[in-house]
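Undergrad: Sharing a sequence plus its predicted fold:
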Amino acid sequence: MTPLRVTATHPFAPGAPTAQGWYGAASAHVARFLHRLRCVPANMWMQVSAEDASAPSSPSGDPTPAGIITVQLLEEQADYAARSRLHDVMESMPVVVGRIRRRIDQDLAVLEGIVPAGAMRRMRRAAHLAAFGLAAQPMLPPEDVARLYRPFEELIPLAG
C-alpha cells in the first residue's frame, strides 16, 4: 500500500497556511460547509439552487396581490445590497476567493455533462455566495450572512 501523499495545496499539509487562515478568519465554518456540501447528493443541491420560475399567486388562485410583489422587490433589493457588501469585503481577500472557487469548481466537475449547464451555473453561484458569505462573516452584518447562506440553511444547517 502506498502512503498518502500530502501536497502543500491541501489546507492541513505541512507548510500550508494554518487552518485558521486557509479560508480567512472564519476558515472553520467555510471548511465545514465545503466538506458537507461535497456530501450532498446532486439532486438535492440542484433543488436548493434552482430558481423559482413560477410567479407567486394567492391561495385562491387569484393574481398576485400588489403587496406580495412589493415585498418580493424589497427582498430582491436586500439580496442585491448584501451581495454588494459581500463583493466589497471579498475584494480584500483574493487568495481566499480563489481557494473557494477552485474547491467548488473541483467538486462540481464530476457533474459536468450530467447536470444541465443552467443548473450548473445556479449551483455554482449559490455555493459561491454561501461560502463567500461564511468567509466574510466577521466583516458582514449577520443579516447579510444569513441572506447569502439562505439557500443552504435547511440542507446544511450552520449550527452543528
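TA: That came through, no problem.

Undergrad: separation between residue 96 and residue 152?
TA: As defined by C-beta to C-beta, to the nearest Å, residue 96 lies at a distance of 19 Å from residue 152. In short, each C-beta sits where N, CA and C put it, glycine included.

Undergrad: What count of nearby residues applies to residue 107?
TA: Residues lying near residue 107 (other C-beta atoms under 10 Å) number 18.

Undergrad: same thing with residue 44?
TA: 11.

Undergrad: nearest residue to it other than its sequence neighbours?
TA: residue 155 (6.2 Å; C-beta to C-beta, 6 or more residues apart in numbering).

Undergrad: again with residue 123
TA: Going by C-beta to C-beta, 6+ apart, residue 123 has residue 49 as its nearest residue, at 4.5 Å.

Undergrad: So for residue 119, what's the pLDDT?
TA: In this model, residue 119 is scored at 88, pLDDT.

Undergrad: element containing it, please.
TA: Remark: residue 119 resides in helix 117-135, with elements defined by DSSP states H and E.

Undergrad: and that helix, how far out from the chain's middle?
TA: Averaging C-alpha positions (C-alpha atoms, centre = their mean, to the nearest Å) puts helix 117-135 5 Å from its chain's average.

Undergrad: List the contacts of it.
TA: 23-24, 26-27, 29-30, 33-34, 37, 45-46, 48-51, 83, 86, 90, 93, 96-97, 100-101, 103-105, 108, 111-112, 115, 140, 144-145, 147-149, 151-152 (C-beta atoms under 8 Å, 6 or more residues apart in numbering).

Undergrad: mind listing the helices in this protein by residue range?
TA: Along the chain, counting by DSSP state H, helices occupy 19-22, 27-38, 42-49, 66-90, 94-109, 117-135, 142-149.

Undergrad: Figure out which of those helices is closest to residue 159.
TA: Minimum separation from residue 159 across the helices of the chain (C-beta to C-beta) falls at helix 27-38, 10.6 Å.
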